[in-house]
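Q: Give me the fold of what follows.
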Amino acid sequence: MTRKIVVGLGARAYDVLVGPGLIDRAGEAIRPLLKRGRTAIVSDETVWALHGARLTRALQASGIEATSVIVAPGEQTKSFEGLAYVTDRLLALELDRSDLIIAFGGGVVGDLAGFAAAIYKRGIDFAQIPTTLLAQVDSSVGGKTAIDTARGKNLVGAFHQPKVVLADLEVLGTLPDRQMRAGYAEIIKYGLMGDFQFFQWLEANAGAVLCGEPEALARAVGRSIEMKAEIVAEDETEQGRRALLNLGHTFGHALESETGYGEALLHGEAVAIGMALAFRFSAWLGLCPTQDAQRASAAITAAGLPTSLAQVASHPFDAEGLARHMAQDKKAEGGKLTFILARSLGEAFVAKDVNAEAVTTFLKQEGAA
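A: Numbering: from 1, shown residues only. The predicted model follows:
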């Protein structure tokens, strides 16, 4: 059964389809978006080996000529070098602005291909077919596209909305357990951020979601996308409420920068630690009940995710170094730190002008040097 969720952006509104078997029906969804039946599929080596033939067949069945642009897997590909490679390949294929790019992979591919689409010949349409749980519930919806730099994560990018998103739940069956848990971090974020009832449901059903039980997975993915679609429609360019979606990300992005965006700490794992830190920091500041911070950490731990700096193997963190990374965060304004903090479970808020010394002191108490 396929569910349709609309991201309501007026003339630029688009559908997010959630359900099994959507890759096999990709041609039906994408062909109406094409003027001359040509597309380029940006994917990584791992996803392409697993699912590339299936997607190609589906597109060909609808009369679509598809050429693949394959990149290396991993966050390191989301770079200026990766962007240069993808845009050069698109130029070599002589795509024009009436054509369309398909981002077929996880968040790295979606961000990279989406940003390439935003700047290629000043903008070309693209579609998202996310193949990881994290990408399905977060990065594929909302039009945020970006690459990383040595100075921080996602600091160079653009808002560029897709024309359609196809979240095929069957494809998640090929994900390693670690990747499923990393994606679950973004799911529980929605409950912690703004839906206490959803958080309570996740407390009881985390195992079913992580095991891929169809009904539980569909509910978790669908509710997450529904919440994100509502927020994006209200605040597309993150001038207000959309910033709440960054719960855990200010801490998390700093941790990723310090660990080099590699396998030592996946994005979802960094966000998991970041959310636990955000709740504990909120409690430390007297903004949130301590028991709520403890309950948030317990729910994250129950999903097999880390909640502390000490759980990042063999990597000592420096509190002042982490604070410097946070000062480069996109939400920082006028040199002042901005965090997403919590008043309670299911009630996050944007806190501007957070005292940097307080953050450093808190991080030292959390085990940073």
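Q: Could I get the phi/psi values of the residue lying closest to residue 103 once chain neighbours are set aside?
A: Take residue 103 and drop its neighbours on the chain: the residue closest to it by CB to CB, 6 or more residues apart in numbering is residue 113, 3.7 Å away. Yep, even glycine has a C-beta here, placed from its N, CA and C like the rest. Per-residue torsions, residue 113: phi -70, psi -40 (degrees, to the nearest 10).
Q: For residue 113, the count of nearby residues, please.
A: Residue crowding around residue 113 was assessed by other CB atoms under 10 Å; the count is 31.
Q: So which residues of the stretch 251-369 of the chain form strands?
A: In the stretch 251-369 of the chain, strands defined by DSSP state E, counting those that start in this stretch lie at 337-344, 347-354, listed in chain order.
Q: Mean neighbour count, these: which tops it?
A: Using mean count of other CB atoms under 10 Å, the stretch among these with the greatest mean number of neighbours is strand 337-344 (a mean of 21).
Q: what's that strand in contact with?
A: 192-193, 196, 243-244, 246-250, 278-279, 281-282, 285, 287-289, 292-293, 296, 323, 326-327, 329, 331-332, 348-356, 359 (CB atoms under 8 Å, 6 or more residues apart in numbering).
Q: just the buried members of those?
A: Of the members of these, the ones counted as buried by neighbours, 16 or more other CB atoms under 10 Å, are 192-193, 243-244, 246-250, 278-279, 281-282, 287-289, 292-293, 296, 323, 326, 329, 331-332, 348-349, 351, 354, 356, 359.
Q: Could you double-check that the residue nearest to residue 103 lies in contact with residue 101?
A: Yes - with contacts defined as CB atoms under 8 Å, residue 113 counts as touching residue 101 at a distance of 5.7 Å.
Q: Overlap in contacts, these two.
A: Residues touching both residue 113 and residue 101 by CB under 8 Å, 6+ apart: 42, 126.
Q: Just the helices from the stretch 201-350 of the chain, written as ranges.
A: Along the stretch 201-350 of the chain, the segments classed as helices by DSSP state H, counting those that start in this stretch run 214-234, 249-259, 267-284, 290-302, 319-327.
Q: Turn those into JSON lines, including distance to residue 54.
A: Putting the helices of the stretch 201-350 of the chain into JSON lines (distance: least, CB to CB, whole Å) gives the following:
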{"stretch": "helix 214-234", "distance to residue 54": "19"}
{"stretch": "helix 249-259", "distance to residue 54": "31"}
{"stretch": "helix 267-284", "distance to residue 54": "25"}
{"stretch": "helix 290-302", "distance to residue 54": "34"}
{"stretch": "helix 319-327", "distance to residue 54": "40"}
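Q: any idea how far residue 267 is from the spatially most central residue of the chain?
A: Centroid-nearest residue in the chain: residue 139, 3.3 Å away (criterion: CA atoms, centre = their mean). For residue 139, the distance to residue 267 (CB to CB, to the nearest Å) stands at 9 Å.
Q: shared neighbours, these two?
A: residue 107.
Q: Provide a list of residues in contact with residue 272.
A: 182, 185, 248, 252, 300, 303, 305, 306, 307.
Q: Farthest pair within those?
A: Based on CB to CB, the longest span within the contacts of residue 272 runs between 252 and 303 and measures 15.5 Å.
Q: Of these two, which one has the most company?
A: For residue 252 against residue 303, the residue with the higher neighbour count under other CB under 10 Å is residue 252, and the figures read 25 against 21.
Q: ok, now which ones touch the more buried one?
A: With contacts taken as CB under 8 Å, 6+ apart, residue 252 has the following neighbours: 267, 270, 271, 272, 273, 274, 275.
Q: For the nearest residue to it once chain neighbours are set aside, give its distance to residue 190.
A: Distances taken as CB to CB, 6+ apart place residue 274 nearest to residue 252, at 3.3 Å, with adjacent residues excluded. The gap separating residue 274 from residue 190 is 15 Å, by CB to CB.
Q: Same check on residue 173?
A: 23 Å.
Q: domain ranges for the protein?
A: With automatic domain parsing as the criterion, the domains of the chain are listed as 3-174, 191-365.
Q: Now those domains in CSV, please, with extra columns for mean pLDDT.
A: As requested, the domains of the chain are exported to CSV (pLDDT from 0 to 100):
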stretch, mean pLDDT
domain 3-174, 96
domain 191-365, 93
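Q: follow-up on the earlier one: leaving out chain neighbours, which residue sits closest to the residue nearest to the centre of the chain?
A: With CB to CB, 6+ apart as the criterion, residue 139 has its nearest non-adjacent residue at 4.0 Å, and that residue is residue 107.
Q: ok, the one you found - contacts?
A: 130, 132, 134, 135, 138, 139, 140, 267.
Q: Against which helices or strands is whichever helix or strand the third one is part of packed?
A: Assigned by DSSP states H and E, residue 134 falls within helix 133-134. Contacts defined by 3 or more CB pairs under 8 Å, 6 or more residues apart in numbering; DSSP states H and E place helix 133-134 against helix 177-194.
Q: What is the helix it packs on packed up against?
A: Counting contacts by 3+ CB pairs under 8 Å, 6+ apart, helix 177-194 is packed against helix 133-134, helix 196-210, helix 214-234, helix 267-284, helix 290-302, strand 347-354.
Q: Okay, angle between the longest one and helix 177-194 too, please.
A: Think helix 214-234. Here helix 214-234 runs at an angle of 50 degrees relative to helix 177-194 (axes from the mean of the first three to the mean of the last three CA atoms, to 10 degrees).
Q: what's next to helix 214-234, contact-wise?
A: 1, 3, 5-9, 16, 18-20, 133, 136-138, 141-143, 167, 169, 172, 184, 186-187, 190, 194-195, 198, 201-202, 205, 208-209, 240-242, 244-245.
Q: still on that earlier bit, what's the separation between the residue nearest to residue 103 and residue 130?
A: In terms of CB to CB, residue 113 sits 11 Å off from residue 130.
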